[in-house]
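Novice: A structural model of the following input is requested.
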Amino acid sequence: MSDNTIAVSEVFKRVQSHSNVIGLGMISPRGELLSSSGTFDAALGRRAARLVAVATSTLEQTGEDDENSIDTDAEIVRARRGNRELVVARCDDVILAVLSCCAR
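Specialist: Residues are numbered from 1 along each chain as shown. You can find the predicted model right below:
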């Protein structure tokens, strides 16, 4: 197991312990659900992977020069509707997605 896998697994455990988290998924860049908890399923994992891909592509297209280029090591996309929030972050070879219930 690589150091990165250990770090991602530790993050997964820590995030999962938060009381407002209702679903958590670890996804491959191809959209395969590697691990999940709560209400997180494979279909949500595929949508989260596509969300990161679209956001990354959009940001890369807006970059004008190398000095201001986007660092592709980590991207974070955050979306909220009503009292639900989805945060998707890509780091190296995995995508972490957290579905939470926000207090109003």
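
Novice: Only C-alpha atoms from now on, for both contacts and neighbour counts.
Specialist: OK.

Novice: How about residues contacting the top helix by length along the chain?
Specialist: Residue-count comparison of every helix in the chain, with assignments taken from DSSP state H, identifies helix 42-62 as the longest. For helix 42-62, contacts defined as Cα atoms under 8 Å, 6 or more residues apart in numbering pick out 25-33, 69-70, 72, 75-77, 88-90, 95, 97.

Novice: what do you get for stretch 28-35?
Specialist: 25-27, 41-42, 45-50, 93-95.

Novice: And the furthest pair within those?
Specialist: Between any two of these, the greatest separation by Cα to Cα is 19.4 Å, found for 41 and 93.

Novice: quick one: which of these two has more around it?
Specialist: residue 41 (15 against 12; other Cα atoms under 10 Å).

Novice: For residue 102, see how far away the more buried one is.
Specialist: Residue 41 sits 20 Å away from residue 102, taking Cα to Cα, to the nearest Å as the criterion.

Novice: ditto for residue 50
Specialist: 23 Å.

Novice: same thing with residue 33?
Specialist: As for residue 33, its distance to residue 102 is 24 Å (criterion: Cα to Cα).

Novice: Tell me how far residue 23 lies from residue 61.
Specialist: From residue 23 over to residue 61 the distance is 31 Å, taken as Cα to Cα.

Novice: Can you go through the contacts of stretch 28-35 and name the buried ones?
Specialist: Among those, the ones that count as buried by 16 or more other Cα atoms under 10 Å are 25-27, 42, 45-46, 48-49, 94-95.

Novice: Nearest residue to the middle of the chain?
Specialist: Central residue of the chain (Cα atoms, centre = their mean): residue 88, 2.5 Å from the mean position.

Novice: pretty sure that residue is in contact with residue 80, am I right?
Specialist: No - shown here, residue 88 and residue 80 do not form a contact pair, counting by Cα atoms under 8 Å, at 11.6 Å.

Novice: Pull up the overlap in contacts between these two.
Specialist: In terms of Cα under 8 Å, 6+ apart, residue 88 and residue 80 are not both contacted by any residue.

Novice: following the lowest-mean-pLDDT helix or strand in the chain, which helix or strand comes up?
Specialist: When the helices and strands of the chain are scored by mean pLDDT, DSSP states H and E, helix 3-16 comes last with a mean of 73. Sequence order places strand 21-27 as the next helix or strand after helix 3-16, per DSSP states H and E.
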